[in-house]
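Q: When you get a sec, could you give me coordinates for this:
(one chain, ligands or ions: 2)
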Amino acid sequence: MKRLLKVLLVIIGIVVLVLTGLMIFISNKSPEVFENKAPDVTVTPDSAKVAEGARMASLLCVNCHGGEDGTLSGHFMPDTKVFGTLYAPNITHHENSRLHGYTDGELMYLFRTGIKKDGLYAPPWMPKFPHLSDYDVECLISFLRSDNPMLKGSDVVQPAPEPSFLAKALTTFVFKPLPYPTEAIPQPNQDDPVEFGKYLAVAKFDCYGCHSEDFATLNTMEPEKSPGFFGGGNNLLRKDGTPIISPNITMDETGIGSWTEDQFVTCVRYGERPSGIATQYPMVPFSNMTEKEVKAIWAYLQTVPKIKRENPKS
Ligand code: HEC
Ligand code: HEC
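A: Ligands and ions are numbered 1, 2, ... in the order given. The predicted model follows:
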């Protein structure tokens with residue numbers, strides 16, 4: 001009996017030592033620096049690209065990078081607090097901004113792979129766009145080079161992020177850069193609602209990220225293989241930090257199977273559900289999306305496998 005106790009104590013001792021060592025390693029490890037293989041390209045902007053890029057920015061970037069001064073000067077991110085004290089940086093045309101010094105090719109590389117100019121990997125709370133068409137990436141870059149008032153130089157410098165232990169552990173073992181595409185990514189066929197809708201919901205506006213089971217289990221390269229694809233259940237946070245669970249938006253009766261196309265369009269564009277109850281943050285109305293686009297997403301959702309998962313009452 002005494003022997004067994006001794007052996008047990010030794011085993012527990014070893015486990016504690018290993019865990020402590022691992023914790024010290026993770027806490028002190030400097031982040032991995034990746035080779036920056038940014039392509040040597042220059043985007044030729046035109047007014048259509050700038051306009052589309054501005055629309056995308058209003059739907060995709062302002063939420064995080066929008067500052068109090070009305071420019072993209074950044075702000076504190078209250079809804080990622082499990083990952084530490086984080087700030088979305090200033091990306092205006094000021095020399096203090098984090099956009100400063102980026103070439104078009106480096107921006108392309110950042111948006112596709114997540115590798116920043118300095119070789120560090122931008123954590124998951126800065127979105128990646130591995131399936132966005134080449135044209136739409138050019139639109140984003142054209143916008144970032146434009147004289148849009150959102151980009152007017154602001155000297156605001158956001159504090160350095162203080163990642164939590166969890167964020168550091170995930171950065172060490174889980175979060176990894178995405179591969180840079182080896183072939184051109186064409187625009188979807190806008191006359192095919194299912195193809196167009198899939199592109200919008202998966203590649204461009206990332207509806208599936210929030211509306212699948214968990215950010216941690218998303219399959220970024222093959223989104224349809226993500227557990228609970230469009231079935232909701234992802235634990236998100238409201239602006240005040242209280243939890244909110246993303247709803248099931250598959251066509252099952254526990255999802256939005258009883259909704260009409262018009263009700264879906266009204267909800268996504270104006271935030272008004274059939275019940276009359278408004279959708280809350282982080283589901284911000286996609287008011288800059290056209291009716292054609294939202295109808296295409298509706299058409300695509302008809303083809304997504306149904307999932308049974310009851311939505312919270314609303
Ligand atoms: C969910 C929040 C979020 C959204 C949405 C977001 N970003 Fe970011 N972005 C971040 C954070 C956080 C960082 C800082 C990453 C870091 O420090 O490694 C960042 C960093 C950046 C950087 C600087 C990279 C560097 O080298 O420091 C650029 C440029 C950028 N984002 C552009 C964009 C654009 C363009 C969009 C819209 C298409 C966008 N971001 C959407 C959170 C966000
Ligand atoms: C940042 C995360 C996030 C993104 C991105 C997002 N949603 Fe949502 N969505 C939510 C959350 C959270 C709710 C629940 C809001 C509430 O309960 O008030 C919601 C609610 C909804 C609802 C209402 C469902 C119901 O049963 O009441 C629909 C429809 C919807 N989203 C569709 C979309 C579409 C389409 C997109 C992409 C264009 C999208 N969402 C992008 C988080 C998100």
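Q: Please report how far the residue of the stretch 151-300 of the chain found nearest ligand 1 lies from Arg269.
A: Closest approach of the stretch 151-300 of the chain to ligand 1 (CB to the nearest ligand atom) occurs at Pro161, with a separation of 5.5 Å. Yep, even glycine has a C-beta here, placed from its N, CA and C like the rest. Plainly put, Pro161 is 33 Å away from Arg269 if you go by CB to CB, to the nearest Å.
Q: what pLDDT does the closest residue in space to Tyr87 that isn't next to it in sequence get?
A: Of all residues not flanking Tyr87 in the chain, Gln158 sits nearest, at 3.8 Å (CB to CB, 6 or more residues apart in numbering). Looking at Gln158, its pLDDT reads 94.
Q: before we move on, what about the one 4 residues further on?
A: Looking at Glu162, its pLDDT reads 89.
Q: Identify the bridge partners of it.
A: Glu162 has the following beta-bridge partners by DSSP bridges: Thr85.
Q: Tell me how many other residues crowd it.
A: Neighbours of Glu162 under the rule other CB atoms under 10 Å: 11.
Q: There's contact between it and Lys81 in this structure, I believe.
A: No. Under the contact definition of CB atoms under 8 Å, Glu162 does not touch Lys81, with a separation of 10.8 Å.
Q: what are the ranges of the helices in this protein?
A: 2-28, 47-60, 62-65, 104-113, 134-144, 165-173, 193-198, 207-211, 261-270, 291-301 (DSSP state H).
Q: These into JSON lines, with extra columns for mean neighbour count and mean pLDDT?
A: What follows is those, written out as JSON lines (neighbours: other CB atoms under 10 Å; pLDDT from 0 to 100):
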{"stretch": "helix 2-28", "mean neighbour count": "10", "mean pLDDT": "80"}
{"stretch": "helix 47-60", "mean neighbour count": "18", "mean pLDDT": "96"}
{"stretch": "helix 62-65", "mean neighbour count": "18", "mean pLDDT": "92"}
{"stretch": "helix 104-113", "mean neighbour count": "21", "mean pLDDT": "97"}
{"stretch": "helix 134-144", "mean neighbour count": "22", "mean pLDDT": "98"}
{"stretch": "helix 165-173", "mean neighbour count": "16", "mean pLDDT": "83"}
{"stretch": "helix 193-198", "mean neighbour count": "20", "mean pLDDT": "98"}
{"stretch": "helix 207-211", "mean neighbour count": "20", "mean pLDDT": "95"}
{"stretch": "helix 261-270", "mean neighbour count": "17", "mean pLDDT": "98"}
{"stretch": "helix 291-301", "mean neighbour count": "20", "mean pLDDT": "98"}
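Q: closest to Pro179 out of these?
A: If you check each of these against Pro179 by CB to CB, helix 104-113 wins as the nearest, at 7.0 Å.
Q: by how many degrees do the closest one and helix 134-144 diverge?
A: Computed by axes from the mean of the first three to the mean of the last three CA atoms, to 10 degrees, the angle separating helix 104-113 from helix 134-144 equals 120 degrees.
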